[in-house]
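Asker: Return atomic coordinates for the entry below.
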Amino acid sequence: MENIKANPKSNCNSFPVQIVDGVLWTWPDASDDGKIESALTPVPTNDFGGVEIATERLWKGPWNFRELPYSTDYFIENVVDPSHVPVSHHNVVGSRYGNLGMNVQTSKPLTRDGFGIATSSLEEEGSSATTTFTAPSQVLIRSPFGEDGAAQYLELYSSPSRPGFCNHVGRMVILKDKSLVMPKLLRAFTLPLPTWTNHIMASAFLHQDALFLHGQERSLAHTGEYRTSQPENDSYAKAVMPSSADKGVMMFRSWLSKFAGGHVPYKGDLTMPVANNDVVFDVWNSHTKHCKVCLAALKRLKVARSLAFFAAALVATIRPKLLGIVGSTISALGLSGLGFTLSKLIAMFYKYEFSHADNH
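Answerer: Okay, the predicted model is just below:
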């Protein structure tokens, strides 16, 4: 025991932590003042606008996490931009070919604590969707459904990990209407599926953003090191020539410049990795190998695949006399098909490729 205590690796800080709604929060300051600051600083959660909501009205999806292949400032800039949705996520949520006109207004003025915007369609009347950034890590997107109080919330968090990468934690929360009815368009999200299916299917959504943002950030790193896209000693608006739909982006870049030093203050090696689509599509290193749920599911699926192929071979070679040639052949093909289907599912735990060019 004394040898362990004497080892320099055993001497580590003890940071204040909280677990709120299933998420672990750490205050990275081990001093006495840090402990006091941690206790006095509320965790940025979804408080539903300060309105108390009955538990039976809420459906809370499972948390998902990834290390995304672009920096946290690019992540936040992306999700506070409502106009990116029909473009980046074409054929998943929205279409890039429709009328994309929208009205974007400030719903919460810019302060050191964040800001908010409200977005409404120029063609459809109804309640506005709101996007709220709560410094330094939360983006909360609320989309109303109907006139009876139903809504969808996306609770999104990010934190820097290394130049060109960030850690993301997020989930969907659905608020049923006042009569406890789930909106029809959202029922598919509430199917009683295993948590691991939510984790691997998230690739179909996250990789659409990542393909753009990964390349854009790398191409803007002209010096070969991490740098935010905030120009030095110049106006960000002059550099990007924003449209009215970029209000959220401009407010975030203003917040970053006025209250957060203008960039993410990485220490150590600031080298920006080169663009690499293999990194964008890598599910194993960004999620699976760190996820207890997915590792357990992957193990079971591999066993099921082996059993399916073994059973196919057994039926094809040993059972023709009992099942008949036709019956054994059909059974063997069916079991082989199951094995190949499981192989494709297993592959999604390792890599998920996406092509915008093929997503017409």
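Asker: Name all residues that make contact with V173.
Answerer: 46, 58-61, 152-153, 155 (CB atoms under 8 Å, 6 or more residues apart in numbering). The way it works is simple: take the backbone N, C-alpha and C, and place the C-beta from them, glycine included.
Asker: Tell me where the protein has strands.
Answerer: For the chain, the strands defined by DSSP state E occupy 17-20, 23-26, 58-60, 64-68, 102-111, 114-121, 129-134, 138-145, 150-162, 165-175.
Asker: Let me know which of these is tucked in deepest.
Answerer: Highest mean neighbour count among the strands of the chain (mean count of other CB atoms under 10 Å): strand 129-134, with a mean of 22.
Asker: which other residues reach it?
Answerer: With CB under 8 Å, 6+ apart, strand 129-134 has contacts from 44, 76, 79-80, 82, 107-108, 113-120, 138-144, 248, 251-252, 255.
Asker: same question, stretch 259-266
Answerer: By CB under 8 Å, 6+ apart, stretch 259-266 touches 71-73, 112, 135-136, 160, 162-163, 226-228, 230, 256.
Asker: Filter these down to the buried ones, PyMOL style.
Answerer: To isolate the buried ones among the contacts of stretch 259-266 in PyMOL, judged by 16 or more other CB atoms under 10 Å, type:
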select buried, resi 71+72+73+135+136+160+162+163+226+227+228+230+256
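Asker: Lowest-confidence entry in the contacts of stretch 259-266?
Answerer: Lowest pLDDT among the contacts of stretch 259-266: Q230, with 56.
Asker: so D21 sits right up against P44, yeah?
Answerer: No - assessed by CB atoms under 8 Å, D21 is found out of contact with P44, at 11.3 Å.
Asker: Looking at the two, which is more packed in?
Answerer: More crowded of D21 and P44, by other CB atoms under 10 Å: P44, with 21 against 12.
Asker: where's the more buried one relative to T106, distance?
Answerer: 19 Å (CB to CB, to the nearest Å).
Asker: Let me know the closest of the contacts of V173 to A297.
Answerer: Ranked by distance to A297 (CB to CB), these are led by G61 at 17.1 Å.
Asker: Now the closest one. Its backbone dihedrals?
Answerer: Backbone torsions of G61, given as degrees, to the nearest 10, read phi -80, psi 170.
Asker: That one touches T195, doesn't it?
Answerer: No - under the criterion of CB under 8 Å, G61 makes no contact with T195, lying 9.3 Å away.
Asker: So for those two, which sits in the more crowded spot?
Answerer: G61 (17 against 14).
Asker: The residue nearest to the more buried one when sequence neighbours are not counted bridge partners, please.
Answerer: Ranked by CB to CB, 6 or more residues apart in numbering and with sequence neighbours excluded, the top spatial neighbour of G61 is M172, at 4.3 Å. Using DSSP bridges, the beta-bridge partners of M172 come out as L154.
Asker: ok, now how distant is M172 from D358?
Answerer: 27 Å.
Asker: Likewise for T119?
Answerer: Taken as CB to CB, the span from T119 to D358 is 29 Å.
Asker: and stretch 37-52, C-alpha only, in PDB?
Answerer: What follows is stretch 37-52, C-alpha atoms only, in PDB (Å, rounded to 0.1, in the frame of the first residue of the first chain):
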ATOM      1  CA  GLU A  37     -18.000  27.800  -7.500                       C
ATOM      2  CA  SER A  38     -19.200  24.300  -8.500                       C
ATOM      3  CA  ALA A  39     -21.800  24.300  -5.800                       C
ATOM      4  CA  LEU A  40     -23.100  27.700  -6.800                       C
ATOM      5  CA  THR A  41     -23.200  27.100 -10.600                       C
ATOM      6  CA  PRO A  42     -26.300  25.400 -11.900                       C
ATOM      7  CA  VAL A  43     -25.900  22.600 -14.400                       C
ATOM      8  CA  PRO A  44     -27.400  23.700 -17.800                       C
ATOM      9  CA  THR A  45     -30.300  21.300 -18.100                       C
ATOM     10  CA  ASN A  46     -33.700  21.400 -19.900                       C
ATOM     11  CA  ASP A  47     -36.000  23.200 -17.500                       C
ATOM     12  CA  PHE A  48     -38.800  23.500 -20.000                       C
ATOM     13  CA  GLY A  49     -38.800  27.200 -19.900                       C
ATOM     14  CA  GLY A  50     -39.200  27.200 -16.100                       C
ATOM     15  CA  VAL A  51     -42.600  25.500 -16.400                       C
ATOM     16  CA  GLU A  52     -43.100  22.400 -14.200                       C
END
